[in-house]
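# turn this into a structure:
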Amino acid sequence: MAALSPASKRALANLRAFTSPPTNYYKCPLTRRAAVLILLFADRKGDLRVVLTIRSAGLKSYAGQAALPGGKADTLQETPFMTARREAFEEIGLPMSDHRLPTGYEVEHLTELPANLAMTELGVRPCVAFLKTPSPSPRNQNPDAARDILPKLDAKEVAAVFTAPFYNLLREKDIDPKTRSTVPGEWYKGSWHSWHETAWRMHQFFVPVTPATVFLATTKLRPARAAEESPETTGASMPASGQPKKPMPGKPSQSSLQPSLPRSFYTTASDTLQQPRYRVFGMTARILVDCAQVAYGEVPEYEHNSHFGDEDLMDRLLKIGRLTPIRKEGDILTREVMTKAAKAKM
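Below is the predicted model of the structure:
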């Protein structure tokens, strides 16, 4: 296997040792179950990178947005990892069994993280896996996971596949000095917003891409229609109760609560795939932040919600009869619903 840096070895060990608390995922009906795959691999320096996609412009939801490979469960018997692997196969061509991978490659299932609640009221279970890269051999003298595995994407669902530096997800700026000086734009932007009077941290990462870290489909990305840009249909996660953590010592306060995010925030540009950086935000960003904290045992440099996943919120919503098998038109989580959920006994 390709050499891992000491930090990467510790990160993988921490993820293997992580045991997720009891989940409400299995209490959700089939129509409310979904899973995503956090696929990690080592680059040539031995540092971990994570695989992400830009969703096709033709999709009904989250069109043109960055996402983790994933989707809804097919059956009640399908585990979150089964769902995540099946969707990764359909979207980016990652084989569902090791014997179909290129020689020497293996996928190790590391752990599952607490479920998150999407604004579409789906329980989303993040599944973390590590793609082991083989040592150099006569048949493959320069193994490269991104090159050998990722280019097989389905243009109907995915416009591009790209990778991001995993540890950098805990930092406010690009760690690589060359990237900071040569790639326009900044790595991180974040702000507190109100969601039914609850403080919710919106993370935005702007991932620099190069020919070696992005693979494009043959179709071009078109702007999403206005109906697909609504906050109600984005991958942004619901905030659970709780207040933002205090700013770190020596850092200016960023906790001034701003209004709810406007619809324009969710709009994707028509030239997204030509940008030097791809934006990762909403639930996808929050899941990655949680995963990086577990892996590296560090808190982010920036402010963030203190809760981990949305298990508590899901439990309370289930107790008041939400997350039912059939989603009714116009059925949204209003302030009244959240107030009722807050009073539900755990």
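# going forward, measure contacts between C-alpha atoms and count neighbours the same way
Fine.
# shaky segments in the stretch 51-200 of the chain?
Residues of the stretch 51-200 of the chain meeting the criterion pLDDT under 70: 60, 62, 137-141, 150-155, 195-197.
# could you redo the last one with a cut-off of 80?
57-63, 135-157, 194-198 (pLDDT under 80).
# the helices in it, which residues?
80-92, 145-149, 177-182 (DSSP state H, counting those that start in this stretch).
# let's have the ones you listed in TSV, adding distance to A11.
Formatted as TSV, these follow (distance: least, Cα to Cα, whole Å):
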stretch	distance to A11
helix 80-92	20
helix 145-149	19
helix 177-182	23
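# can you get me a residue count around K178?
Residues within reach of K178, counting by other Cα atoms under 10 Å, total 9.
# coming back round to it: any idea which of the helices of the stretch 51-200 of the chain gets closest to P211?
Smallest distance to P211 across those (Cα to Cα): 10.3 Å, for helix 145-149.
# outside of the closest one itself, list whatever touches it.
Under the criterion Cα atoms under 8 Å, 6 or more residues apart in numbering, residues 41-43, 93-94, 101-102, 131, 133, 163, 212-213 lie in contact with helix 145-149.
# may I have it exported as CSV, CA atoms only?
Provided in CSV are the C-alpha atoms of helix 145-149 (Å, rounded to 0.1, in the frame of the first residue of the first chain):
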residue,chain,number,x,y,z
ALA,A,145,-6.3,6.4,-6.8
ALA,A,146,-7.8,9.5,-8.4
ARG,A,147,-6.6,8.5,-11.8
ASP,A,148,-7.2,4.8,-11.6
ILE,A,149,-10.6,4.8,-9.9
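# what about that helix, distance to the chain center?
Distance of helix 145-149 from the chain centroid (Cα atoms, centre = their mean, to the nearest Å) equals 20 Å.
# so which of the helices of the stretch 51-200 of the chain is the most surrounded?
helix 80-92 (a mean of 23; mean count of other Cα atoms under 10 Å).
# who are the packing partners of that helix?
When contacts are defined as 3 or more Cα pairs under 8 Å, 6 or more residues apart in numbering; DSSP states H and E, helix 80-92 packs onto strand 33-42, strand 70-72, strand 123-132, strand 158-165.
# ranges for the strands of the stretch 151-300 of the chain?
158-165, 188-195, 198-208, 214-216, 277-281 (DSSP state E, counting those that start in this stretch).
# what's near enough to touch A7?
47, 296.
# quick one: it is in a helix?
Yes - A7: assigned to a helix according to DSSP: H, G, I helix; E, B strand; the rest coil.
# how much space between it and Q77?
Here the criterion is Cα to Cα, to the nearest Å. By it, A7 lies 36 Å from Q77.
# could I get the contacts of helix 145-149 as JSON lines with neighbour count?
What follows is the contacts of helix 145-149, written out as JSON lines (neighbours: other Cα atoms under 10 Å):
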{"residue": "F41", "neighbour count": "26"}
{"residue": "A42", "neighbour count": "25"}
{"residue": "D43", "neighbour count": "19"}
{"residue": "G93", "neighbour count": "17"}
{"residue": "L94", "neighbour count": "22"}
{"residue": "L101", "neighbour count": "15"}
{"residue": "P102", "neighbour count": "15"}
{"residue": "L131", "neighbour count": "17"}
{"residue": "T133", "neighbour count": "24"}
{"residue": "T163", "neighbour count": "24"}
{"residue": "A212", "neighbour count": "11"}
{"residue": "T213", "neighbour count": "16"}
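# so which of these comes closest to W200?
T163 (26.3 Å).
# quick check: that closest one touching L48?
No - taking Cα atoms under 8 Å as the definition, T163 is not a contact partner of L48, at 9.8 Å.
# wait, which of the strands of the stretch 151-300 of the chain is closest to K343?
strand 198-208 (15.0 Å).
# just checking, what packs against the closest one?
Packing partners of strand 198-208 (3+ Cα pairs under 8 Å, 6+ apart): strand 188-195, strand 277-281, helix 282-296.
# just put the ones you listed in TSV and tack on mean neighbour count.
Formatted as TSV, the helices and strands packed on strand 198-208 follow (neighbours: other Cα under 10 Å):
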stretch	mean neighbour count
strand 188-195	18
strand 277-281	22
helix 282-296	22
